[in-house]
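1. sharing a model prediction with you, sequence too.
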Amino acid sequence: MASGKTPSSKTPSSPRRITLNHVAERAGVSRSAASFVMSGRTDQRLSAEVFARVRAAAEELGYKPNLTAKTLRTGRSGTVALVSDFVSTTSFASTMVRGALEELCERDSLLFTVDTHGREELESRLLDSLLARNIDGVLYASMFTRSVTVPPVLKDTPVVLLNCLSDDGGGISVIPDEASAGEDAARLLLEAGHVQDIWFVGSMPPGQVGGTIWPPWAPLALSERREGIDRALKNAGTSLAGSVVVEDDWDIANGRAAVAGLLASGVRPRALICVNDAVAIGAGHALRAAGLRIPDDVSLVSFDGTPLAQAGEPALTTIALPHLEMGRRAASLLFDTDRTPRRIRVPMPVVPGGSIAGPRTGP
């Protein structure tokens with residue numbers, strides 16, 4: 001008789017699935033008590049000792065809760081989605097994702113991240129797929145601080161806007177405090193003794209509402225930073241000497257070209273406030289090519305707090321975007337039962353460098 005097996009052959013047995021009953025038995029409690037502990041309920045007058053026994057038993061046995069059953073029971077899946085334009089797939093603002101992940105990890109929640117690259121049809125398909133998975137909420141995010149239209153399909157889902165504002169003025173938004181950052185940039189120069197020949201570098205050409213390589217999304221950073229700068233200087237009884245246009249994008253090459261053009265016109269600034277770190281690095285190249293020293297001849301201050309700020313000599317003084325804190329705050333607000341529309345402005349910290357000194361004397 002040939003069965004294909006020797007008498008000693010054994011069929012491998014499947015690992016035993018650990019259930020809540022096993023946990024309750026090991027802990028010496030009822031199944032319902034074990035269920036209350038594992039679901040985090042505290043309304044059943046269970047002692048701390050029972051909580052400790054059940055959790056120890058679950059860890060010892062390697063118990064994994066049935067998430068599908070938990071979702072059916074609680075109505076929550078323990079998952080959140082971050083839907084953005086470019087946040088997850090570019091390095092510039094991806095720290096917001098890390099902040100959200102850190103907060104959600106502490107709340108035992110998972111994060112789906114998807115980028116749409118500004119394509120409405122793709123966004124629609126992705127949102128349909130995410131909502132079909134019973135996600136608990138959505139972080140609707142933007143790489144640049146700007147106004148957005150929240151998709152109507154999210155009207156019955158908790159949403160927090162991350163680095164953007166709803167164009168209808170509603171919803172809960174977490175954004176950087178750009179205007180206060182502008183005030184800080186001007187204050188740093190004022191405290192160093194600068195009251196004249198201060199130029200802003202980073203205005204857009206007439207009619208342009210964004211960098212040429214990005215969609216025309218009209219980022220709010222430029223207007224709000226300028227608002228803060230102008231207010232601080234006005235309160236000190238002074239104002240900008242002028243504003244320099246950056247032609248194509250806020251990058252090193254265009255920063256260099258803009259400041260080289262300013263110097264070629266005969267202007268000798270005593271201080272430059274640059275719209276971001278990349279433009280400031282380019283500005284430094286142009287200043288050095290003209291024989292001017294930083295900060296002895298010209299002081300520099302910029303925004304964003306990117307690694308570029310530490311790449312030069314001296315390191316730039318910059319006002320950093322608080323992306324990590326923004327991600328954490330937005331994720332925490334998804335769990336807030338108060339859905340009153342509001343804007344949370346997160347402070348932008350000053351990162352000291354060596355690019356600011358007192359104004360030079362002489363011409």
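-> Nice, I can see it.
2. middle-most residue in this protein, spatially?
-> By C-alpha atoms, centre = their mean, the chain has its centre lying nearest to Met96, at 2.7 Å.
3. for that residue, give its distance to Pro307.
-> As judged by C-beta to C-beta, to the nearest Å, Met96 and Pro307 stand 16 Å apart. Every C-beta, even on glycine, is put in place using the N, C-alpha and C of the backbone.
4. so the residue nearest to the centre of the chain touches Leu321, yeah?
-> No - using C-beta atoms under 8 Å, Met96 makes no contact with Leu321, being 9.2 Å away.
5. buried set for stretch 274-288?
-> Using 16 or more other C-beta atoms under 10 Å as the test for burial, stretch 274-288 gives 274-287.
6. apologies, that question was intended for stretch 100-108.
-> Buried-residue list, stretch 100-108, by 16+ other C-beta under 10 Å: 100-101, 103-104.
7. what does stretch 238-249 give?
-> For stretch 238-249, a neighbour-count test (16+ other C-beta under 10 Å) marks 238, 240, 244, 246, 249 as buried.
8. now do stretch 356-363
-> Buried-residue list, stretch 356-363, by 16+ other C-beta under 10 Å: 356-357, 359-360.
9. mind listing the strands for this protein?
-> Listed in chain order, the strands of the chain (DSSP state E) span 79-84, 110-115, 138-148, 159-166, 172-176, 198-203, 242-245, 271-274, 299-304, 317-320, 342-346, 350-351.
10. the fourth one pairs with which strands, parallel or anti?
-> Within its sheet, and counting by DSSP bridges, strand 159-166 is paired with strand 138-148 (parallel), strand 172-176 (parallel).
11. could you dump it to CSV, C-alpha only?
-> Extracted in CSV, the C-alpha atoms of strand 159-166 (Å, rounded to 0.1, in the frame of the first residue of the first chain):
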residue,chain,number,x,y,z
VAL,A,159,-10.6,66.1,9.0
VAL,A,160,-7.7,68.3,10.2
LEU,A,161,-6.0,70.5,7.6
LEU,A,162,-2.2,70.3,7.9
ASN,A,163,-0.2,73.3,6.5
CYS,A,164,-3.2,74.6,4.6
LEU,A,165,-6.5,76.5,5.1
SER,A,166,-10.0,75.8,3.8
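12. residues in contact with that strand: which ones?
-> 82, 84, 87, 93, 96, 100, 137-150, 171-176, 220, 323, 326-327, 330-331, 333-334, 343 (C-beta atoms under 8 Å, 6 or more residues apart in numbering).
13. low pLDDT regions in the chain?
-> 1-16, 39-44, 65-77, 209-217, 362-363 (pLDDT under 70).
14. pick the most buried one from the strands paired with strand 159-166.
-> Using mean count of other C-beta atoms under 10 Å, the stretch among the strands paired with strand 159-166 with the largest mean neighbour count is strand 172-176, at a mean of 24.
15. who are the neighbours in contact with the closest residue to Asp167 other than its chain neighbours?
-> Closest residue in space to Asp167, ignoring its immediate chain neighbours: Ser147 at 4.4 Å, by C-beta to C-beta, 6 or more residues apart in numbering. Listed by C-beta under 8 Å, 6+ apart, the contact set of Ser147 reads 164-167, 218, 220.
16. distance from stretch 27-36 to the middle of the chain?
-> From the chain centre to the centre of stretch 27-36 is a distance of 41 Å (C-alpha atoms, centre = their mean, to the nearest Å).
17. quick check: buried residues in it?
-> Buried, per 16+ other C-beta under 10 Å, within stretch 27-36: 27, 29, 33-36.
18. could I get those residues as CSV with distance to Ala257?
-> Below are these laid out as CSV (distance: C-beta to C-beta, whole Å):
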residue, distance to Ala257
Ala27, 70
Val29, 73
Ala33, 71
Ala34, 68
Ser35, 67
Phe36, 67
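19. which of these fall within helices?
-> 27, 33-36 (DSSP state H).
20. right, I'll call it a day here.
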